[in-house]
Every structure is written in C-alpha cells, then in structure tokens.
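> Dropping a prediction and its sequence here:
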There are 2 protein chains.
Amino acid sequence: MKYCSQCGSEVNLQVPEGDNRPRYVCNACGTIHYQNPKMVVGCIPEWEDRILLCRRAIEPRYGLWTVPAGFMEQGETSQQGAARETLEEANARVEVKALYGLFNLPHINQVYLLFRGRLLDLDFSPGPESLEVGLFEEAEIPWQQIAFPVIRETLGLYFRDRANGGFSLHSGDIVRSGSDMRRYEITIHG
Amino acid sequence: MKYCSQCGSEVNLQVPEGDNRPRYVCNACGTIHYQNPKMVVGCIPEWEDRILLCRRAIEPRYGLWTVPAGFMEQGETSQQGAARETLEEANARVEVKALYGLFNLPHINQVYLLFRGRLLDLDFSPGPESLEVGLFEEAEIPWQQIAFPVIRETLGLYFRDRANGGFSLHSGDIVRSGSDMRRYEITIHG
C-alpha cells in the first residue's frame, strides 16, 4: 500500500496513537488503513460414502484436486459462502452442516473454515474454475494430487473420524516451514 | 474506496473479467481491490465457576460489558488473537481451548470466532480499552449491560450448556433487523 484509497495522498507506515503496531496511515485525511486476515470458506460435499472433489482449472495448483472453497465475500455468512463456492466451482447444491475444520495459515493471513455439506442431488458439473468434478470413495482419493496441505490434512482427519464413527471439529495451524514453498509445519490443536 | 492504493489513480467499480461481482478496479495499473469480511476473535476466560468480563472504555458501547475480543491481526492464528485480546483488554493470560461460537454478522461483514479459555492466574487488571475487569458467577452477569447481541447470545448458550453438563460449538447469524439499530434477528444453526 502506497496511496490512501480515500484521498489519494501517500500513506505512511506508523503506529497510530493508542495503537501498538504499525498501520498504513494517511496524514492528509486521517484514515488508518487496517489490514486483517481473510477467510476461505468451503465444504466437504457428501453423497452416501463418497465426497465431491474439483480439479482446479486455475492457478495456483492448476490440475490438482480440492474441495469447493474460496474467499468469503461481503454480505454473506460463512455457511452461505461455502454453499456459493460449491455452486460456482461444481454447479452443485449443498445443505451446509456443522463446521468441521478451523485452520490458521498465518504466513499468508488466511483462516480456513471448512464445513461438512450434504449434496442435495447428483446434478453437478465443472464450473469455470474447475476442469473436472467427481465423487470419490475413500480408496479413490488422489492423495498425491491434492492441491493444498490444508485440504489434504482436513480430508485425512475426515476419513479417520468417519472410520471411528463420529465427526467433531478439528482446529490446527499450517505454517510454511522456512524458505521451501513445499514444506509445512502442521499442528493440530484438537 | 476512491483511489488505487498501489498507484494513486482513481478506481472504478466494475465486474472484472472472469468474476461475477463488482470490485474496485484500477484501470491504470490493473490492480483489483478485493474487500472481504473480517474476523473478530476472542474468548470466554474461565476460572472455576466464574468468567471474566471487561467493561468497555471505548466506543462503541462505552461502559458496557463484554468478553475480551477484537479484530484478528495479520500474522497470527485465531487462537493467538484471542489470547492477545485477553492480554490487551484484561492484562490476563489464558490457555485458549476449543472454539465455542461461530457467529456471522453479514450486515457489518464480520465473523466472530469465540473460544473457551482457561485463565492461568488471578493477576488481571483493566487494559487501556477497559474501565473495569471482573470475574462473574452466572447469577452476577449484568445481562442488561452486555455490549453486543453476539456476546449476550453466546453467554446465554454458554450457561445453558454448562447447566446441561457439556459444551459444544454453536453457530448462528445475527443480522440487524431493518433500520432500528437496536433490533436484531438471531438464528442459531446448532
């Protein structure tokens, strides 16, 4: 950030009065430009013993598989966001159920809120951001081709919970480890 | 938003190519300025059968009571944010436990993530944003002086759960009802 989005003047990185960390401040009009983490909302759409995955038609991780998820938008609830992403990426309708995964990715200022979802019918197809959409039994999950560590981790917990007969909320942190873009430290809180 | 924070040119509200909703777009440098909901993170600090509340020294709702909570910051996890807010507002140290409340406030583009927390000692005092900090038994809670509907609702669920012998995650939507700033529609999902 270099310029004030309200008045167009240059901003300065400084600690505002009464605050304890640097913010982009416009000394012309007085606006403080706070920056905060974003939420990625999505769901694991379930149909009997299968779940729906999408193969990405966009970067990052073009060609790899994930559950429907994306940035939460203004004016919606997190559950509405999860349903919207499922509709956009898989042309699929879900009833969004309980929160299943709360994952912090502090190195990129994101929090994932992943719900379980009940697929309402089998009328699905790839949306513009997907190459393919399919239903997978556990044994068919393409574990080596899952797009994001947070999704691989969540699906691992999901199938373990399912084998144990019950689902409960899991929370964890997924932090990139050093400079290697492919290495992550994963901490599960519970 | 009127000006591009990257180059200082005027922005236009338009639907970018491949998108489906209006964004502030800079046609000079090409930056798309996405706006997304923010998270408010906090906790219910517990000490035996009492919980810690803070009386607000700032607007909005100056003089009313709430649990420690505030906007999540860049570079932290939601649990770290909840602990930081408790330290800042009550000079109190907590072990942040399970997520207890996930509440959407779509009319103001906020999501509350409220955890249960275990107070580590009784050495607490008002931080700069608090007039008073205190421990309350259920019968002592100032229900008519709770600062925010989301906190009143969460504490109501909390004491109901406690009476029933167990805590589980609750999720809901709290939406301002029409033009009356004091009326809200509250929907609890589960």
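Nice, I can see it. Residues are numbered from 1 along each chain as shown, chains lettered A, B, ... in the order given.
> switch to C-alpha atoms for all contacts and neighbour counts from now on
Will do.
> ok, which stretches of chain A are strands?
Secondary structure of chain A by DSSP state E: the strands cover A:12-14, A:23-25, A:32-33, A:38-47, A:50-56, A:65-66, A:69-71, A:94-105, A:110-119, A:130-136, A:170-176, A:184-188.
> which residues sit in contact with the residue located most distally from the centre of chain A?
Here chain A reaches farthest from its C-alpha mean at residue A:28, the gap being 36.7 Å by Cα atoms, centre = their mean. When contacts are counted by Cα atoms under 8 Å, 6 or more residues apart in numbering or on different chains, residue A:28 touches A:7, A:9.
> Columns distance to residue A:158, mean neighbour count and mean pLDDT on top of the strands of chain A, output as TSV?
Listed next are the strands of chain A as TSV, based on distance: least, Cα to Cα, whole Å; neighbours: other Cα atoms under 10 Å in any protein chain shown; pLDDT from 0 to 100:
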stretch	distance to residue A:158	mean neighbour count	mean pLDDT
strand A:12-14	43	16	97
strand A:23-25	39	20	98
strand A:32-33	39	18	97
strand A:38-47	9	24	98
strand A:50-56	10	24	98
strand A:65-66	14	26	98
strand A:69-71	16	22	98
strand A:94-105	8	22	98
strand A:110-119	9	23	98
strand A:130-136	13	19	98
strand A:170-176	9	20	95
strand A:184-188	13	14	93
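> wait, which of those strands is closest to chain B?
Relative to chain B, the nearest member of the strands of chain A by Cα to the nearest Cα is strand A:94-105, separated by 5.3 Å.
> Give the pairing partners of that closest one; include direction for each.
Here strand A:94-105 is paired, per DSSP bridges, with strand A:110-119 (antiparallel), strand A:170-176 (parallel).
> From the rest of the structure, what touches the first one?
Translated: strand A:110-119. A:37-47, A:69, A:78-79, A:82, A:92-105, B:77-78.
> returning to what we had before: report the separation between the residue farthest from the centre of chain A and chain B.
Distance, residue A:28 to chain B, using Cα to the nearest Cα, to the nearest Å: 14 Å.
> Quick check, pLDDT for that residue.
pLDDT recorded at residue A:28 is 97.
> So which of the strands of chain A is nearest residue B:19?
Taking Cα to Cα, strand A:69-71 is the member of the strands of chain A nearest to residue B:19, at 12.7 Å.
> Output the contacting helices and strands for the closest one.
strand A:38-47, helix A:78-90 (3 or more Cα pairs under 8 Å, 6 or more residues apart in numbering or on different chains; DSSP states H and E).
> Kindly tell me how buried residue A:106 is, as a neighbour count.
Residues lying near residue A:106 (other Cα atoms under 10 Å in any protein chain shown) number 19.
> Residue A:141 too?
Counted with other Cα under 10 Å, residues neighbouring residue A:141 total 18.
> quick revisit: could the strands of chain A go into JSON lines alongside distance to residue B:133?
Listed next are the strands of chain A as JSON lines, based on distance: least, Cα to Cα, whole Å:
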{"stretch": "strand A:12-14", "distance to residue B:133": "30"}
{"stretch": "strand A:23-25", "distance to residue B:133": "28"}
{"stretch": "strand A:32-33", "distance to residue B:133": "28"}
{"stretch": "strand A:38-47", "distance to residue B:133": "30"}
{"stretch": "strand A:50-56", "distance to residue B:133": "48"}
{"stretch": "strand A:65-66", "distance to residue B:133": "45"}
{"stretch": "strand A:69-71", "distance to residue B:133": "36"}
{"stretch": "strand A:94-105", "distance to residue B:133": "29"}
{"stretch": "strand A:110-119", "distance to residue B:133": "30"}
{"stretch": "strand A:130-136", "distance to residue B:133": "51"}
{"stretch": "strand A:170-176", "distance to residue B:133": "29"}
{"stretch": "strand A:184-188", "distance to residue B:133": "32"}
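> check contacts around the closest residue to residue A:22 other than its chain neighbours.
Spatial nearest neighbour of residue A:22, chain neighbours left out: residue A:15 (4.2 Å); criterion: Cα to Cα, 6 or more residues apart in numbering or on different chains. Counting by Cα under 8 Å, 6+ apart, residue A:15 touches A:21-23.
> looking at the strands paired with strand A:94-105, which is closest to residue A:9?
Closest to residue A:9 of these is strand A:110-119 (Cα to Cα; 28.9 Å).
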